[in-house]
Structures are given as C-alpha cells and as structure tokens.
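Trainee: With the input below, show me the fold.
(2 chains, ligands or ions: 1)
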Amino acid sequence: MPDAASDEEVDRFIQGLVEEAEAGGYHINPDEEFTRGLVRGLLANRGRYGYISCPCRLASGNREDDLDIICPCDYRDPDIAEYAACYCALYVNAEVEAGLSAAAPVPERRPPPAERRRAKEERATAGPAPGGLNYPVWRCRVCGYLCARNEPPETCPICRVSRDRFERFM
Amino acid sequence: MTGMQHVPGEDRGKVILYALSTCGWCADTKKFLTGLRVEFSYVYVDLLTGAERDRVVREVERWNPRLSFPTLVVNDAKAIVGFQEQEIREAVGA
Ligand code: SF4
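Mentor: From the prediction side, this is the model:
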C-alpha cells in the first residue's frame, strides 16, 4: 500500500477537490470510501513523483512522459462525456453524483506505450505552424480552452491545470 | 514490498492479478477475487523497480498491449482487463 497520508490530509484534499470541481462544473464521485482510496493514491503519487499522477495508471516517473495522466488527465472530459465518469471514476457526471446511476469501469483511452512513443517523436520533428496569425493559439489539452497570446497562461482559467498542459493549436 | 503476493483459497487454476497499489478498480478486483475464495497471486506493478519492473511490464503488455490495470490472467490463457465481475466469475468458474 502507498505511504499513508493522514486522514486530515485526505479530507482537506477532497474538500479542495470538490470545491474546485463544482466551481468548474465538474463533480467528484459521491462514493466516499472509493473516492478516499483514489485520493490516497493521488497523494501517494505526489510523494513518489512530485505530481498527482493518475492513481489508476502506471506512471513512468518522468513528468514529461506522464503529463497526459497528471490529474485531471487529458482523457477525463471525453470519458465523462462518453461513460459518465473518468477512467478512475474520481470525476463523474451530474447524474452519477446525484446517485441516479452508478459509475462503471471505463475502457482505457490513453494510447498504448508504443503509440505514445511514436507521437512523441512526431511532435519533436514537427515544423512550425503555418503563419498569418498575429499570435499563436494555445489549447488546454484537458478542457479545450483556447487563447491567442504569446505564451499559454500559467494556470488554465477554466480547469486550473498548469501551463505545461497546453499545446500549440494554431 | 516487491514481487508476487499469494492469497490462499480454492484452486481454480493459475490466477494472476496485475494491479496498481493506488487504483480503485484494482482494489475492487482484489476484493472481489478474495470474496470468491479462489486462490490467486497479485503484484503491484507500481511498487516494483528496475529490472523486475521491466520484466513484469513486458509480461502485462504481452496480455494487454495498452498496459492498463487491473489485468487478470487466468491459466496463462485468458486475460481480463478491468474490473469485469461477470467475466472474472466465468473465467475462474465461481
Ligand atoms: S481525471 Fe480521473 S482518470 Fe484522469 S487522472 Fe484524474 S483520477 Fe485519473
């Protein structure tokens, strides 16, 4: 089992998570025991890797390779839309939160390791985006927020993830 | 903690659970197998390091190229990916 975070630490983290989620129109799984387990996993991963890597996925320990699975991951929103919950079922849709249906296991959307390696190589060799724009356009990989400015914001104003979760869109 | 852990129970063949120590569905799968009282082994891949981890990761990838968890392998013949109660029940004949 992961290094134990104290109960107070877990409670505080969950409270912050719920507040942030609700403010952004997201919902945390109301199954308290299940959610506590996942939050313990997030905190264990923060202790191990320095970032809250997805508790249900195997992290490499290299932040750049794990960026897409730092919670909230790049796959949360499409999974909530399609399956009513994120892969771990930490985030659920309003119906599950209201107890009208239960979260069920979600198939893994993250590409397999070989495909991720290929995509990483392609990104590294990709040329500059076509010109004609006064500013580059940045896209938040987590929630899809777009902004046209020289650098992406330090924190996504919509879903609160860090700058390194943005990709060049145009 | 490293390596395979053994959970005693009724012998329904070789049942191996590849899991993560931090994952909710993995915990549910382990609880479910324990409840079925079948004998099985499990390994927390996230707690392994070095060559042992590489070896076990390759093992999981052979059954499940997405390398996702839980992956349950029954009798070196069938892999069940995710917490699929019905499929698990059938695979272990419980
Ligand atoms: S949003 Fe859900 S699936 Fe994604 S990292 Fe967080 S807990 Fe895991």
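
Trainee: sec struct for residue A:4, please.
Mentor: coil (DSSP: H, G, I helix; E, B strand; the rest coil).

Trainee: my guess is it meets residue A:40, correct?
Mentor: Yes: at 7.4 Å, residue A:4 counts as touching residue A:40 under the criterion of C-beta atoms under 8 Å. All C-beta atoms are positioned from the backbone trio N, CA, C, and that covers glycine.

Trainee: neighbour-wise, which of the two wins?
Mentor: Comparing residue A:4 with residue A:40 by other C-beta atoms under 10 Å in any protein chain shown, the one with more neighbours is residue A:40, at 23 against 11.

Trainee: quick one: that one from the ligand, how far?
Mentor: Noted for residue A:40: a distance of 12 Å to the ligand, by C-beta to the nearest ligand atom, to the nearest Å.

Trainee: Also residue A:48?
Mentor: Separation of residue A:48 from the ligand (C-beta to the nearest ligand atom) stands at 15 Å.

Trainee: now do residue A:132
Mentor: From residue A:132 to the ligand the distance is 36 Å (C-beta to the nearest ligand atom).

Trainee: Look up the pLDDT of that residue for me, please.
Mentor: pLDDT, residue A:132: 80.

Trainee: ok, now which ones touch it?
Mentor: Counting by C-beta atoms under 8 Å, 6 or more residues apart in numbering or on different chains, residue A:132 touches no other residue.

Trainee: So it belongs to a strand, correct?
Mentor: No: the assignment for residue A:132, made by three-state DSSP, is coil rather than a strand.

Trainee: so where is chain B shaky, pLDDT-wise?
Mentor: By pLDDT under 70, the low-scoring segments of chain B are B:1-2.

Trainee: Is residue B:10 in contact with residue B:33, as I believe?
Mentor: No: shown here, residue B:10 and residue B:33 do not form a contact pair, counting by C-beta under 8 Å, at 11.0 Å.

Trainee: neighbour-wise, which of these two wins?
Mentor: In this view residue B:10 and residue B:33 are compared by other C-beta under 10 Å, and residue B:33 has more residues nearby, 23 against 11.

Trainee: separation between residue A:22 and residue A:15?
Mentor: Distance, residue A:22 to residue A:15, by C-beta to C-beta, to the nearest Å: 11 Å.

Trainee: on that earlier part again, now do the shared contacts for residue A:4 and residue A:40.
Mentor: Shared contacts of residue A:4 and residue A:40, defined by C-beta under 8 Å, 6+ apart, are absent.

Trainee: which other residues reach stretch A:22-37?
Mentor: A:10, A:14, A:17-18, A:21, A:38, A:72, A:80, A:85, A:89-94, A:96-97, A:99, A:103, A:143, A:158-160, B:24, B:27.

Trainee: So which of those reach the ligand?
Mentor: Checking these against the ligand by C-beta under 6 Å from any ligand atom, the ones in range are A:72, A:90, A:91.

Trainee: Secondary structure class of the first one, three-state.
Mentor: Using three-state DSSP, the secondary structure recorded for residue A:72 is coil.

Trainee: Per-residue confidence, the closest residue to it other than its chain neighbours, what does it come out as?
Mentor: Once flanking residues are discounted, residue A:72 sits nearest to residue A:142: 5.4 Å by C-beta to C-beta, 6 or more residues apart in numbering or on different chains. For residue A:142, the pLDDT comes out at 96.

Trainee: Please report how far the residue lying farthest from the centre of chain A lies from residue A:148.
Mentor: Here chain A reaches farthest from its C-alpha mean at residue A:132, the gap being 32.2 Å by C-alpha atoms, centre = their mean. Plainly put, residue A:132 is 13 Å away from residue A:148 if you go by C-beta to C-beta.

Trainee: cool, residue B:37 as well?
Mentor: Per C-beta to C-beta, residue B:37 is found 60 Å from residue A:148.
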